[in-house]
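Novice: Below are the sequence and a predicted model; questions follow.
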Amino acid sequence: NLSNASQKRYLNANPEKWEEIYSFCPSYVFFRPTDHPPLGNELTPLTNGRSIATDSKLYSFKGSLSFIQGKMPYKDENGSTKFKAFNRFFIDHDTGGSIKGNARADIFMGEDEAAEFAANNFYSRGNMFFLVLKPERKEIWLDIFDRLKIISSSQNKS
């Protein structure tokens, strides 16, 4: 079990291993306090439950839209960990030092207690789809975006 919760249980049971493990893993950044919102690539603020990190060698274009299906952990009324199915759109905002390989993503859960619980107990297989523009349609969409910029610019002036 590679979940954060199982890793924490192991480290709590073996405190003499903390220094060895953390010195070996310089990318350990879970729930570190900052003076600003969590930032992804190009200093883009991450969005709770909507931002993902992927392997930059495979997914070099950040800002891509993806659709993920999986199982999200939650605590039931007895405090037990349960999982419920989810289907959600995400934006690829970041790269993860430990996110290596095809069809792998790290979901940014957020900054509150529920997000910490979900992040510490989330480790599951699911489906991930990237929505990409067909190359032959690129010029059409670039033209549409240029027209939208002109319309937006003229509305801001009036």
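Specialist: Yep, it's here.

Novice: The longest strand along the chain pairs with which strands, parallel or anti?
Specialist: Longest strand in the chain by number of residues (criterion: DSSP state E): strand 81-95. Partners of strand 81-95 in the sheet, by DSSP bridges, are strand 51-54 (parallel), strand 65-75 (antiparallel).

Novice: Looking at those, which one is packed in the most?
Specialist: Among the strands paired with strand 81-95, ranked by average contacts under mean count of other Cβ atoms under 10 Å, first place goes to strand 51-54 (a mean of 24). Placement of C-beta: from N, CA and C, glycine included.

Novice: Quick check: closest non-adjacent residue to residue 125.
Specialist: residue 70 (7.4 Å; Cβ to Cβ, 6 or more residues apart in numbering).

Novice: bridging residues for the residue minimising distance to the centre of the chain?
Specialist: Closest to where the C-alpha atoms of the chain average out (Cα atoms, centre = their mean) is residue 52, at 2.1 Å. Note on residue 52: beta-bridge partners by DSSP bridges are residue 92, residue 107.
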